[in-house]
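A.B. asks: Based on what follows, work out the 3D shape:
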Amino acid sequence: MKSSDLDVLIVGAGAAGMMCAIEAGKRGRRVRVIDHARAPGEKIRISGGGRCNFTNLGTSGANFLSENPRFALSALKRFTQHDFLKMVERHGIAWHEKTHEGGGLGQLFCDDSAKQIIRMLTDEMKAAGATLSLGLGVKAIARDGQRFTVDLDDGTRISTASLVVATGGKSIPKMGATGWGYDVARQFDLRVTETRPALVPLTFEPGLLEQLKPLAGVAVDAIVRTAPNSASSSPKGDRPQFKEAMLFTHRGLSGPSILQISSYWREGEAITVDMAPGEDVAARLLAAKTENGKQAVHTALGHIIPRGPGRQAGRGRRQEAASHGRDGQRLDRQAGRVRGLSHGRGDPGRGRHRRPGPADDGGQVGPRPLLHRRGRRRHRLAGRL
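C.D. replies: Residues are numbered from 1 along each chain as shown. From the prediction side, this is the model:
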């Protein structure tokens, strides 16, 4: 069996793995990145609708969900979103900020293609002296004193001082995602937290789906919140909320606001969808009644929210619509089962992460491999309303 020695072996050629290779290579380490996929950065390629939402101007520790609220602070202080933006601009990649209602959301996208970000990262790896091997997987990992021995699918064996597992979670298995990283974590006695789908659409239970089926394809601006006193509420009672577009689909709800709130939803809890933010719906309906008492509720609601949702909300619910109007028209429903990892962009449960230590500066990792988080800034779940 052929063997070779490395300072750093990174399993996973996604965003985390490639960034790790760049930084380790800059420090003079002998670095190799391997991935069983045929191309690097596959999840980067499909992110942001193919344009890659590569960073956010408002990124802070508060944007990350973790058992330890301060988990991301050290990394964010060492390498900020502005540092990454400088790299993007150095490579001549044109970008734009997503806006909503005339204001910037802080989310930055490539003007052209997500492939530009992948090319930037592979070019940076090459410049740092890191090598990339694709279509190559791992057969076995063992600890050998202060080093790791890794057997690869091609029959070679690698001895490495540092082993980085940057394979991500189970989301989007059709792209090759597996739970292999969790298995490695368990092998080295790293605690694996609860895992569940993240950044996914919500699907309706059959009765509600049949009722709202005519709305498929309708998009509205909405404020989506978790339920009062939910598991995600702060000690002061504050609830996560997102004001962005929401889309009715043939299965339930999707759109940016729904994908975000899915990170906080728990099975059995409700979410609140306000489709008329800032509007006093009750007052508008009473005014409409005064002007034209014969006007149907759904007709009056059609001047406040899109006519489709207004028609559904108004059918036989004249009194209910008025009673809910103080906070805008709302849909409150209990959530059911999870839609699945095949539709998720990430998952919240990861192996216990270790802060970069002496190994990143050329020293040796202790008795455990280093696991890097791959994915977006907000991770968690979704399911059925």
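A.B. asks: When you work out contacts or count neighbours from here on, use the C-alpha atoms and nothing else.
C.D. replies: Will do.
A.B. asks: Need the three-state assignment for Q116.
C.D. replies: Secondary structure for Q116, judged by DSSP: H, G, I helix; E, B strand; the rest coil, is helix.
A.B. asks: and it, what is it in contact with?
C.D. replies: Shown in contact with Q116 (C-alpha atoms under 8 Å, 6 or more residues apart in numbering): 93, 110.
A.B. asks: Repeat that for G12.
C.D. replies: 18, 33-36, 165-168.
A.B. asks: what do you get for I258?
C.D. replies: Residues near I258 by C-alpha under 8 Å, 6+ apart: 200-202, 224, 246.
A.B. asks: Next, give me the two most distant ones among the residues you listed.
C.D. replies: Farthest pair in these (C-alpha to C-alpha) is V200 and V224. Separation: 14.4 Å.
A.B. asks: Among these two, which residue is more densely surrounded?
C.D. replies: V200 (32 against 25; other C-alpha atoms under 10 Å).
A.B. asks: For my notes, confirm the more buried one occurs in a helix.
C.D. replies: No: going by three-state DSSP, the assignment for V200 is coil, not a helix.
A.B. asks: when you give positions from now on, start the count at 29
C.D. replies: Sure thing, new numbering starts at 29, so read that last one as V228.
A.B. asks: Which residue ranges of the stretch 179-328 of the chain form strands?
C.D. replies: Along the stretch 179-328 of the chain, counting by DSSP state E, counting those that start in this stretch, strands occupy 185-193, 230-231, 247-254, 269-276, 280-282, 298-302.
A.B. asks: Show me what the mean pLDDT comes to for the fifth one.
C.D. replies: The average pLDDT for strand 280-282 rounds to 93.
A.B. asks: Repeat that for the fourth one.
C.D. replies: Taken as a whole, strand 269-276 carries a mean pLDDT of 91.
A.B. asks: angle of that strand against strand 247-254?
C.D. replies: Counting by axes from the mean of the first three to the mean of the last three C-alpha atoms, to 10 degrees, strand 269-276 lies at 130 degrees to strand 247-254.
A.B. asks: where does this structure have low pLDDT?
C.D. replies: Applying pLDDT under 70 to the chain flags the ranges 29, 259-265, 334-413.
A.B. asks: Show me where it has its helices.
C.D. replies: In the chain, the helices defined using DSSP state H lie at 43-54, 70-74, 101-106, 109-118, 143-155, 208-215, 234-240, 284-289, 309-319, 325-329, 335-342, 346-351.
A.B. asks: Using PDB, list the CA coordinates for the fifth one.
C.D. replies: What follows is helix 143-155 as a C-alpha-only set of coordinates in PDB (Å, rounded to 0.1, in the frame of the first residue of the first chain):
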ATOM      1  CA  LYS A 143     -19.400  29.200 -10.000                       C
ATOM      2  CA  GLN A 144     -17.400  32.400  -9.600                       C
ATOM      3  CA  ILE A 145     -17.100  31.800  -5.900                       C
ATOM      4  CA  ILE A 146     -16.100  28.200  -6.400                       C
ATOM      5  CA  ARG A 147     -13.400  29.200  -8.900                       C
ATOM      6  CA  MET A 148     -12.200  31.900  -6.500                       C
ATOM      7  CA  LEU A 149     -11.800  29.300  -3.700                       C
ATOM      8  CA  THR A 150     -10.100  26.700  -5.800                       C
ATOM      9  CA  ASP A 151      -7.700  29.400  -7.200                       C
ATOM     10  CA  GLU A 152      -6.900  30.600  -3.600                       C
ATOM     11  CA  MET A 153      -6.200  27.000  -2.600                       C
ATOM     12  CA  LYS A 154      -3.900  26.500  -5.500                       C
ATOM     13  CA  ALA A 155      -2.100  29.700  -4.700                       C
END
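A.B. asks: Could you list the buried residues of that helix?
C.D. replies: 143-146, 148-150, 152-153 (16 or more other C-alpha atoms under 10 Å).
A.B. asks: Identify the residues contacting V166.
C.D. replies: Per C-alpha under 8 Å, 6+ apart, neighbours of V166: 178-181.
A.B. asks: let's go with 7 Å and repeat that
C.D. replies: V166 sits next to 179-181 when contact means C-alpha atoms under 7 Å, 6 or more residues apart in numbering.
A.B. asks: For it, give its distance to G197.
C.D. replies: For V166, the distance to G197 equals 16 Å [C-alpha to C-alpha, to the nearest Å].
A.B. asks: swap in G165?
C.D. replies: 16 Å.
A.B. asks: who's more crowded, these two?
C.D. replies: Applying other C-alpha under 10 Å to G165 and G197 shows that G197 carries more neighbours, namely 27 against 17.
A.B. asks: can I assume that one is in contact with D211?
C.D. replies: No: contact status for G197 versus D211: not in contact, 10.9 Å apart, counting by C-alpha atoms under 7 Å.
A.B. asks: give me the number of residues near L287?
C.D. replies: Neighbourhood size, L287 [other C-alpha under 10 Å]: 25.
A.B. asks: Test my guess that it contacts T231.
C.D. replies: No: using C-alpha under 7 Å, L287 is not in contact with T231, being 11.7 Å away.
A.B. asks: rewinding a little: pipe the contacts of I286 into CSV and attach distance to I50 per row.
C.D. replies: Shown next, in CSV, are the contacts of I286 (distance: C-alpha to C-alpha, whole Å):
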residue, distance to I50
V228, 31
P229, 34
L230, 37
V252, 39
M274, 38
